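Peer 1: here is a sequence with its predicted model. Questions after.
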Amino acid sequence: EVQLVESGGGLVQPGGSLRLSCAASGFTFSSYAMSWVRQAPGKGLEWVSAINSGGGSTTYADSVKGRFTISRDNAKNTLYLQMNSLKPEDTAVYYCAKSPGWAPSYGMDYWGKGTLVTVSS
């Protein structure tokens with residue numbers, strides 16, 4: 001059974017940093033691309049970032065480019081999202097998602113339950 005469990009969310013002041021983690025199990029983590037997607041209160045889903053299976057290729061939404069960094073540790077079956085210079089508009093539930101293929105272009109087939117990030121003074 002595929003399981004994706006996010007952690008690391010919380011309350012942070014504007015300008016602060018957080019690192020999200022996503023622990024994966026039930027599949028061969030190193031064979032699949034992964035993504036982060038977020039949903040702000042009262043809004044739709046927004047894709048944030050993606051990384052290919054080997055970790056050598058990453059992409060970002062314009063809204064987070066230069067502030068967020070996606071990475072993965074295939075030995076630990078864990079996906080990360082380092083978030084710096086956080087803004088109130090980054091407040092959202094953050095989900096990690098698995099791709100059915102090695103590249104993000106294959107889409108997403110499994111999702112975690114999410115972790116809440118609140119950016120507020």
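Peer 2: All right, it came through fine. Everything numeric here is computed off the predicted structure, so don't read it as measured data.
Peer 1: please report the distance of the residue nearest to G26 when sequence neighbours are not counted from L81.
Peer 2: Nearest residue to G26, sequence neighbours excluded (CB to CB, 6 or more residues apart in numbering): V2, at 4.3 Å. Backbone N, C-alpha and C define where each C-beta goes, glycine included. For V2, the distance to L81 (CB to CB, to the nearest Å) stands at 19 Å.
Peer 1: show me which of the two is the more surrounded one.
Peer 2: For V2 versus L81, the count of surrounding residues by other CB atoms under 10 Å is larger for L81: 26 against 13.
Peer 1: host element of the more buried one?
Peer 2: In the assignment (DSSP states H and E), L81 maps to strand 78-83.
Peer 1: got phi/psi on the residue nearest the centre of the chain?
Peer 2: In the chain, the C-alpha nearest the mean C-alpha coordinate belongs to W36, at 2.8 Å (CA atoms, centre = their mean). The phi/psi pair for W36 (degrees, to the nearest 10) reads phi -120, psi 140.
Peer 1: enumerate every residue touching it.
Peer 2: By CB atoms under 8 Å, 6 or more residues apart in numbering, the residues touching W36 are 20, 22, 47-50, 70, 79, 81, 94-97.
Peer 1: out of those residues, the closest to S63 would be?
Peer 2: Nearest to S63 among the contacts of W36, counting by CB to CB, is V48 at 8.0 Å.
Peer 1: sticking with the closest one, tell me its helix or strand.
Peer 2: Applying DSSP H and E as the criterion places V48 in strand 45-51.
Peer 1: in its sheet, which strands sit next to the helix or strand just after that strand, and in what direction?
Peer 2: Going down the chain from strand 45-51, the next helix or strand is strand 58-60, by DSSP H and E. Its sheet considered, strand 58-60 pairs with strand 45-51 (antiparallel) by DSSP bridges.
Peer 1: in the strand it pairs with, what counts as buried?
Peer 2: Within strand 45-51, the residues scored as buried using 16 or more other CB atoms under 10 Å are 47-51.
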